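[1] Fold the stuff below for me.
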Amino acid sequence: MKKILILLLVQILIINLFSQNIKIDSTKILYTAKFQVLESEAILFSNIKKLEDYIESKFTSRFLKSKGFDDTKFILIEKRSKSLDSTFIKNKKEAFKKNYIYFSCDYIVAYVPSTGFFYKLKGFRKNDFPELMDYLDKNSYLYSNSLKNYIFLGLAYVEDLDLECLNEYYIRKKKNKKIKKDYPCLRSCAERDRNIYVH
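    Numbers count the residues shown, from 1 in each chain. Okay, the predicted model is just below:
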């Protein structure tokens, strides 16, 4: 019960911190972005110190290069398995980037400074790309419903993020078409790892 309570307190802290229209520094953005991954990790902690130690030891984060998204910041959160011997993996960087390596994951979140909201874009069970696009289409003075066209034409870019795949998914979803295709950009690392134990 105590562990569940601590997780709830952390979630409330995150919601309160970022549901307000506030500006925060880069270090805080990177640190808080790591908390977005906890939902995918599904681990309980007995106290806040253990939670913070886990986050600091398991994840590294950095801002990604991007263009065409106003002041939206994109953050890569890397999780690398300490027990995995990755020396045998060919083209290791590309394999990590595409989330092919079990028990490791490249998560990507977007942070919108004007609202303080985070959007989960890669590696998570739920992908928030449609919500981010809807927000940017409504609130960006640059696009007025043309961001999807900028992506299609290659004028918008985010390092390590398959925008073409996400954009195709977004357009199909907007047209209320049934999603039959398996979009690699929507794959969850947690689901991928869980399938090892199922099969």
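[2] how about the helices in the protein?
    Secondary structure of the chain (DSSP state H): helices at 2-19, 26-35, 38-41, 48-58, 92-97, 129-139, 147-152, 163-174, 189-198.
[3] worst average pLDDT in those helices?
    Ranked by mean pLDDT, the helices of the chain end with helix 2-19 at the bottom, a mean of 42.
[4] List the contacts of Tyr109.
    That one is not Tyr; residue 109 is Val. Listed by Cβ atoms under 8 Å, 6 or more residues apart in numbering, the contact set of Val109 reads Ala33, Gln36, Phe74, Ile75, Ile77, Phe118, Tyr119, Lys120, Leu121. Just so you know, the C-beta spots here come from the backbone N, C-alpha and C atoms, and that holds for glycine as well.
[5] can you check Glu78 too?
    Phe59, Thr60, Ser61, Phe96, Ser104, Cys105, Asp106, Tyr107.
[6] beta partners of the third one?
    Meaning Ser61. Ile77 (DSSP bridges).
[7] Settle this for me: it is touching Lys73, isn't it.
    No: contact status for Ser61 versus Lys73: not in contact, 11.2 Å apart, counting by Cβ atoms under 8 Å.
[8] Sitting in strands, which of the contacts of Val109 do you find?
    Per DSSP state E, strands hold the following members of these: Phe74, Ile75, Ile77, Phe118, Tyr119, Lys120, Leu121.
[9] Looking at the residues you listed, spot the one nearest Asn139.
    Closest to Asn139 out of these is Tyr119 (13.2 Å), distances taken as Cβ to Cβ.
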